[in-house]
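**Student:** the sequence and its predicted three-dimensional model are supplied below.
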Amino acid sequence: MNLFNQAFDLHKKSKLIEAKELYEKFLEKNHSHSDALHLLALIYYSLSLHVKAIELVQKAISIKPHEIYYNSLGNILKAQNNFDEALKMYEIALSKNPEYAEACYNLANLLQEKNKLDEAMEMYAKSLLLNPHNATAFYNLGIILHAKNRHNEAIAMYKKALAINPNYIDVYINFGITLNAQNRVDEALLMYEKALSLDSNNQKAQWNKSFTLLLKGDLVEGFKLYEWRYSIAQKRNFSQALWLNNISLDGKTILIHTDQGYGDSIQFCRYIELFSEFNCNVIFEIEKPLLSLLSQLQGVTQFVEKGDKLPEFDFHCPLMTLPLAFKTDITSIPAKKNYLSADPKKVKEWSDRLGLTCKPKIGIVWSGNPNHNNDHNRTIELAQMLQYLPEGFEYISLQKEIRENDKDALQNSKIKYFGDELHDFSDTAALCENMDLVISVDTSVAHLCGALGKETYILLPFSPDWRWLLDRDDTPWYPTVRLLRQKELGKWDSYNLID
């Protein structure tokens with residue numbers, strides 16, 4: 001057996017270092033052996049030595065411009081996040097061989113990463129015509145179809161992927177996510193259970209199962225599994241022990257730290273006052289935009305802005321873990337009518353700013369954080385929302401940021417907008433306090449109004465966030481909030497917003 005065959009045999013056995021040495025030795029006397037150059041490039045690629053890999057595969061291409069080499073060069077360039085050049089390489093590979101299934105699949109992956117979803121779908125479909133046994137192509141098609149709210153079609157793709165690979169954990173998880181998006185919660189749980197039967201420590205399966213349990217109202221089990229929200233990289237590590245209401249805090253100091261979004265912090269800061277039962281000091285670490293608003297909370301010994309140096313403490317607990325620590329179930333949610341209040345001075349300033357009017361004041365919020373993973377479902381375009389707002393009321397925007405596609409509608413409306421004057425949540429709270437009613441999509445401002453005890457209508461997408469439960473127009477978290485739910489996915493046109 002010659003050196004090349006020996007190297008190739010070692011390569012197939014994943015003995016990369018030994019194979020690399022033999023390829024290099026072989027190439028000392030066979031400089032123009034394009035396959036050896038290409039295979040050596042693949043080893044360097046496997047070792048994340050991308051510059052050398054590119055050099056070798058380009059040399060192979062200069063000797064023999066084969067579609068396989070261009071495909072490999074595309075993969076290496078993609079690993080360098082050089083997406084545009086990678087795309088060109090895949091296209092060259094396909095120009096040389098239009099029926100090259102692997103290049104079709106790789107190009108589809110790249111288009112999906114670049115969020116060119118329609119083009120990606122077309123390329124996945126082409127790759128599957130050439131190779132109908134590619135379970136991952138069906139899986140990725142399902143992900144795209146889910147993103148487009150074409151849930152039944154997504155489910156069909158997941159079923160095809162599982163027919164090829166019945167042990168494909170990620171398919172079961174995303175199958176569950178899609179079922180959950182249809183409010184088919186019991187079926188979703190079955191999918192997560194199947195994934196967990198294959199890998200009981202799968203973080204994504206456990207976390208998504210927690211969402212579904214919480215959505216069903218099983219808060220005890222749901223909050224247990226919600227602890228899987230942390231990946232290893234995200235979790236904050238303290239030398240101090242995590243407190244789960246399993247050890248006395250008498251004479252001790254506990255750090256409570258926020259770990260999710262602003263809305264979550266507003267919703268769950270209610271648990272802070274429960275520490276009044278214990279003879280302890282409470283340090284509350286929060287983000288700057290919330291600091292002024294939440295500084296009114298009783299029982300906090302010291303507030304710390306997130307990012308500042310922490311004082312000494314004995315125990316810690318993430319804010320979102322407190323429902324677990326206090327064993328919250330659907331009947332024991334601490335739900336005072338209002339557990340936050342606005343600064344009276346700021347309320348007066350906003351009252352003067354708004355001026356006297358005989359019309360009831362309605363605060364509105366139509367969009368939230370564009371980076372939220374369900375933003376496309378929970379946000380309404382302002383032009384659409386305006387259709388459902390009757391005459392006879394004064395409308396005030398309670399949101400600070402205005403998206404580009406809403407600017408014309410806002411400018412041409414009678415809505416009062418004070419975005420630049422809302423410096424933090426204490427300003428927003430004071431403005432909210434001047435409202436007779438608030439109508440909001442599911443955002444941090446909706447939580448703020450609920451925490452203030454304002455009469456609030458929250459517009460929920462067909463598949464709501466877990467905290468709003470299913471099939472009810474009230475919420476155990478906020479006594480003054482009314483829930484208006486989409487009856488069909490994506491349709492906001494069935495509301496009479498103001499009775």
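**Tutor:** Looks like it came in fine.

**Student:** for the protein, what are the low-confidence residue spans?
**Tutor:** Residues of the chain meeting the criterion pLDDT under 70: 1, 232-233, 493-499.

**Student:** which residue is nearest the centroid of it?
**Tutor:** Taking CA atoms, centre = their mean as the criterion, N373 is the residue nearest the geometric centre of the chain, at 4.1 Å.

**Student:** so what's the closest residue to W492 other than its chain neighbours up against?
**Tutor:** Spatial nearest neighbour of W492, chain neighbours left out: I380 (5.6 Å); criterion: CB to CB, 6 or more residues apart in numbering. From N, CA and C alone the C-beta is placed, and that goes for glycine too. With contact taken as CB atoms under 8 Å, 6 or more residues apart in numbering, I380 is in contact with W366, S367, V441, L459, W492.

**Student:** quick one, what contacts the first one?
**Tutor:** Going by CB under 8 Å, 6+ apart, W366 touches T379, I380, E381, L382, M385, Q399, D406, V441.

**Student:** report how many residues lie close to the third one.
**Tutor:** E381: 14 surrounding residues under other CB atoms under 10 Å.

**Student:** strands of the stretch 101-250 of the chain, residue ranges please.
**Tutor:** For the stretch 101-250 of the chain, the strands defined by DSSP state E, counting those that start in this stretch cover 241-242.

**Student:** residue boundaries of the helices in the stretch 51-200 of the chain?
**Tutor:** With DSSP state H, counting those that start in this stretch applied, the stretch 51-200 of the chain shows helices at 67-79, 83-96, 101-113, 117-130, 135-147, 151-164, 169-181, 185-198, listed in chain order.

**Student:** list the contacts of the first one.
**Tutor:** Read it as helix 67-79. In contact with helix 67-79 (CB under 8 Å, 6+ apart) are residues 34, 38, 41-42, 45, 48, 50, 53-54, 57-58, 60-61, 83, 85-90, 92-94, 96-97, 100, 102-103, 106-107, 110.

**Student:** and the buried ones among those residues, selectable in ChimeraX?
**Tutor:** A single ChimeraX command selects the buried members of these (16 or more other CB atoms under 10 Å):
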select :34,38,41,42,45,50,53,54,57,60,61,86,87,89,90,92,93,94,96,100,102,103,106,107,110
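
**Student:** and for L47, the neighbour number?
**Tutor:** Using other CB under 10 Å, L47 is surrounded by 13 other residues.

**Student:** isn't it right next to A19, touching?
**Tutor:** No: L47 is beyond contact range of A19, at 11.3 Å (criterion: CB atoms under 8 Å).

**Student:** before we move on, back to that, now render the contacts of W366 as JSON lines, adding secondary structure and distance to E488.
**Tutor:** Listed next are those as JSON lines, based on DSSP: H, G, I helix; E, B strand; the rest coil; distance: CB to CB, whole Å:
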{"residue": "T379", "secondary structure": "coil", "distance to E488": "17"}
{"residue": "I380", "secondary structure": "coil", "distance to E488": "15"}
{"residue": "E381", "secondary structure": "coil", "distance to E488": "17"}
{"residue": "L382", "secondary structure": "helix", "distance to E488": "21"}
{"residue": "M385", "secondary structure": "helix", "distance to E488": "17"}
{"residue": "Q399", "secondary structure": "coil", "distance to E488": "26"}
{"residue": "D406", "secondary structure": "helix", "distance to E488": "23"}
{"residue": "V441", "secondary structure": "strand", "distance to E488": "17"}
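
**Student:** buried among those? Make that a PyMOL selection.
**Tutor:** Per 16+ other CB under 10 Å, the buried members of the contacts of W366 correspond to this PyMOL selection:
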select buried, resi 379+380+382+385+399+406+441
